[in-house]
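*Asks:* fold the stuff below for me.
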Amino acid sequence: MNPSLPRAWASASEDELKKVRGVCLDIDETLSTRGKLTSEAYEALWALNQSGFAVVPITGRPAGWCDQIARFWPVDAVVGENGAFTFFMQKGVRRRLDTPGTQLDAKVKLGKLAKKVLERFPQAKWASDQGYREFDLAIDVCEDVKPWPQPEVEELIALCVAEGAHVKLSSIHVNTWFGDYDKKKGFQNWLTHESPGFEKGLAPGEGEWLFIGDSPNDEPMFSSFQLSVGVANLHHYMDRLKNPPLWITEAESGAGFVEMARKLIASRGP
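*Replies:* Got it, this is the predicted structure:
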């Protein structure tokens, strides 16, 4: 836990960063910028990979996206749907690891919850990637729709909680699901099961991993990682966080990710 306000990322010392061997990252508005993956941000992913860092996106995006990310991006694994599963490549084959706590009847429960959401919010639209999801319902609150007023977002969150669902607000969606898992548990499940044969030899040791994110659904990661970074757009949500990151970048979104990557790579020296 880190109850204080984040420090400037520029203030991070070489001593603090020298043990980092892996980077976990959120995708939307952490790696991407206003819905686009810039060439600079994608190049920063490759730069981390080629500098020997393990790279693991941890996202609220759906299984359909995660299959493509695991296959085509320079990453070692991707944790999807806020921790429900992890996809990774092993000897050229895409593998999958489900997180304990997922529920087989999740879609039935989510169908009932969806009806209640629409009864209260007839204007609600599911995220455009909902068809590729397996374990959660993503309600679009600003990606492809006019941004919802904050009081309605809060009421939507309260409705989901009252129905017994877990709920997290991202930069674009309200994600809600039934099951005992989150981003932290999904990542730890993969690391525990796969690190013994992991080519880069990482263990889940403190200080070996750094996490970077941008919104309240990243809070489980901010609280559990010894080293965590927020991109500058996290300032919009700071009053919602009990556990903010250790550092925050000067730049927002993808440019903030690039800022993080360059300093982290430089900390390794020539």
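*Asks:* what strand or helix carries the residue nearest to S51 when sequence neighbours are not counted?
*Replies:* Leaving aside its sequence neighbours, S51 sits nearest to I265 (Cβ to Cβ, 6 or more residues apart in numbering; 4.9 Å). For every residue, glycine as well, the C-beta is placed using N, CA and C. Per DSSP states H and E, I265 falls inside helix 253-266.
*Asks:* hang on, the earlier thing: how deep is the residue nearest to S51 tucked in, by neighbour count?
*Replies:* 17 (other Cβ atoms under 10 Å).
*Asks:* what's the answer for H166, then?
*Replies:* 18.
*Asks:* what does it show for phi and psi?
*Replies:* The phi/psi pair for H166 (degrees, to the nearest 10) reads phi -80, psi 150.
*Asks:* how close does the residue nearest to S51 sit to A106?
*Replies:* 39 Å (Cβ to Cβ, to the nearest Å).
*Asks:* also L156?
*Replies:* 19 Å.
*Asks:* and for R61?
*Replies:* Counting by Cβ to Cβ - R61 and A106 are separated by 17 Å.
*Asks:* more crowded one of the two?
*Replies:* Using other Cβ under 10 Å as the criterion, R61 and A106 rank with R61 on top: 25 against 20.
*Asks:* quick one: secondary structure of the more buried one?
*Replies:* At R61, secondary structure determined by DSSP: H, G, I helix; E, B strand; the rest coil is coil.
*Asks:* do I have it right that E143 meets V174?
*Replies:* No: judged on Cβ atoms under 8 Å, E143 makes no contact with V174 at a distance of 11.1 Å.
*Asks:* neighbour count winner among the two?
*Replies:* Set E143 next to V174 and count neighbours by other Cβ under 10 Å: V174 wins out with 24 against 17.
*Asks:* check contacts around the more buried one.
*Replies:* Neighbouring residues of V174 by Cβ atoms under 8 Å, 6 or more residues apart in numbering: A138, I139, V141, V153, L156, I157, C160, V167, K168.
*Asks:* many thanks, we can stop here.
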